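A.B. asks: let me see the structure of the following:
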Amino acid sequence: MSPTPDFPIATDLGLDLDTSVPGRVVAKAVAGEHHLNPNRVVHGAVVFAVVDTSMGGATMSVLEEGQFCASIEVHLRFVRALEPGAFWAETEVVHRGRRVVQLESKVFGSDDRLAATATGTFAVLEQN
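C.D. replies: All right, here's what the predicted structure looks like:
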């Protein structure tokens, strides 16, 4: 795993991205006490942030120089609650078009059980 580029939410989540395979990212995070909802399980927004970041990394890995991406939509479906501790998202590019990239993710808890699935669409943008 390689450290995620420096931005505050990645630091807060202890996020590491494995981007060694183009079009595929494994994003690992550690949910602490401050990531829990009132029911004492990982807040859905934390899971969303990891999935969205993983999808952005997978998208960037298939773009050309001078291109970048932005989320258009992400659909996240929870299968079960995540307990505090380590969890990860496995993301793959399903289709890379000229202007849009489609992705799928699966989120797993530290017990290796599926906790959520997601699909996403990212825009391909050009730097001016």
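
A.B. asks: neighbours of the residue lying closest to Leu125 once chain neighbours are set aside, how many?
C.D. replies: Counting by C-beta to C-beta, 6 or more residues apart in numbering, Leu125 lies nearest to Phe68, which is 5.3 Å off, once chain neighbours are set aside. (C-beta placed from N, C-alpha, C; glycine too.) Close neighbours of Phe68, defined as other C-beta atoms under 10 Å, add up to 14.

A.B. asks: strands of this protein, start to end?
C.D. replies: With DSSP state E as the criterion, the chain has strands at 2-3, 16-21, 24-31, 67-78, 85-96, 100-109, 114-126.

A.B. asks: export those as JSON lines, with columns for mean pLDDT and distance to Ser61.
C.D. replies: Listed next are those as JSON lines, based on pLDDT from 0 to 100; distance: least, C-beta to C-beta, whole Å:
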{"stretch": "strand 2-3", "mean pLDDT": "44", "distance to Ser61": "12"}
{"stretch": "strand 16-21", "mean pLDDT": "92", "distance to Ser61": "6"}
{"stretch": "strand 24-31", "mean pLDDT": "95", "distance to Ser61": "7"}
{"stretch": "strand 67-78", "mean pLDDT": "97", "distance to Ser61": "10"}
{"stretch": "strand 85-96", "mean pLDDT": "97", "distance to Ser61": "8"}
{"stretch": "strand 100-109", "mean pLDDT": "98", "distance to Ser61": "10"}
{"stretch": "strand 114-126", "mean pLDDT": "98", "distance to Ser61": "12"}
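
A.B. asks: just name the most buried of the ones you listed.
C.D. replies: When neighbours are counted by mean count of other C-beta atoms under 10 Å, the highest per-stretch mean among the strands of the chain falls to strand 24-31, a mean of 22.

A.B. asks: direction included, what does it pair up with?
C.D. replies: Within its sheet, strand 24-31 is paired with strand 16-21 (antiparallel), strand 85-96 (antiparallel), according to DSSP bridges.

A.B. asks: okay if I get those as TSV plus distance to Ile72?
C.D. replies: As requested, the strands paired with strand 24-31 are exported to TSV (distance: least, C-beta to C-beta, whole Å):
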stretch	distance to Ile72
strand 16-21	21
strand 85-96	13
